[in-house]
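Student: take this sequence and fold it.
(4 chains)
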There are 2 protein chains.
Amino acid sequence: MPLSKTDLFKPKDVRVAAMAKALAHPARVAILRELARQNECVCGEIVSAIPLAQATVSQHLKELKTAGLIKGEADGPRSCYCLDPDGIQLLMDTLDGLLGQMEACCGVPAPKTQTAKSKKTASGKKTTSNSS
Amino acid sequence: MPLSKTDLFKPKDVRVAAMAKALAHPARVAILRELARQNECVCGEIVSAIPLAQATVSQHLKELKTAGLIKGEADGPRSCYCLDPDGIQLLMDTLDGLLGQMEACCGVPAPKTQTAKSKKTASGKKTTSNSS
DNA sequence: TTTCTTTATCGTAAAGTTACGATGAATCGG
DNA sequence: CCGATTCATCGTAACTTTACGATAAAGAAA
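Tutor: Below you'll find the predicted structure:
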């Protein structure tokens, strides 16, 4: 942005946007999927799985870490990465909030349900009082 | 990107990234929420609800339209926007695919009941045959 | 120690995003 | 027809993201 205007928006919207941004590159999505598949993964393996240079992959890993979606710890000269369950959960909750609102508006085509959404919607009093 | 490498990634990952990118700005999230609240909305109302210049809001609307998340039709000199149920559904399915994979890996945080059964049913869309 | 391996970081070029004012294009009201 | 209103688009400035090679840092192996 030419001038950072993020403080003009509601914190909730800023949070959703930040979460979404972490997913907004194919390489990062591929990394997350790889980690979901392997459960735990040395950096080199990830680099092999991604069609980008090592430096670039490292950069993407850093962003995912900053976003709280993955954790990384040193293991000798190597780095071992894995998904961060807390961050993933937060991601789901954050997106579910928005998706739920939109679904409610559009009219739900098919009640598929899953994840943590149904619970929240059921107990939630209403979708109107949102500001922060 | 310096050089567009999107064809090096799996189409599925590219799709997720594109969807996420549409949500990756607070203004666009705010617009979606406004449309979810109003169900139908003249452009001017949206501009009033967003702390940005008219030209900028129009630009964000265009991106959301390109992403397939909203529809817009002319109404006299005005433009009337609303959520596109098909796009929203696609967004949900797309994200659910990834989120389900990650959740399955992390282990669901609060599974008081039967774990394996419910999880499988919930996320079991077709996580196996993934390559495109 | 010296060397190799592994990964993070730096510097930087290319491309994309975001924001705005100005300008068009279309419609409505007179 | 003339002016006002509404919105999309253009042009452009400021900033961010993406990608890579080069290099640094740190442990393992020799």
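
Student: contacts, neighbours, all on C-alpha from now
Tutor: Will do.

Student: ok, now which ones touch A:L99?
Tutor: B:88, B:92 (Cα atoms under 8 Å, 6 or more residues apart in numbering or on different chains).

Student: for it, helix, strand, or coil?
Tutor: helix (DSSP: H, G, I helix; E, B strand; the rest coil).

Student: any idea how far it is from A:G87?
Tutor: A:L99 sits 18 Å away from A:G87, taking Cα to Cα, to the nearest Å as the criterion.

Student: do the same with A:P26
Tutor: 19 Å.

Student: please apply the same query to A:A55.
Tutor: Separation of A:A55 from A:G87 (Cα to Cα): 24 Å.

Student: check contacts around the residue lying closest to A:Q101 once chain neighbours are set aside.
Tutor: Nearest non-adjacent residue to A:Q101, counting by Cα to Cα, 6 or more residues apart in numbering or on different chains: B:A36, 6.4 Å away. Counting by Cα under 8 Å, 6+ apart, B:A36 makes contact with A:101-102, A:104-106, B:82-83.

Student: and B:A36, that's in a strand?
Tutor: No: assessed with three-state DSSP, B:A36 is helix; it does not lie in a strand.

Student: all the strands of chain A, residue numbers only.
Tutor: Ranges of strands within chain A are A:41-42, A:70-75, A:78-83, based on DSSP state E.

Student: what's the closest of those strands to DNA strand C?
Tutor: strand A:78-83 (3.5 Å; Cα to the nearest atom of the strand).

Student: count the residues that sit near A:V16.
Tutor: Around A:V16 there are 23 other residues, counting by other Cα atoms under 10 Å in any protein chain shown.

Student: right, and it touches B:A22 too?
Tutor: No: the criterion here is Cα atoms under 8 Å, and A:V16 misses it with B:A22 at 11.2 Å.

Student: picking up where we left off before, so how far is B:S58 from the residue nearest to A:Q101?
Tutor: Counting by Cα to Cα, the gap from B:A36 to B:S58 is 18 Å.
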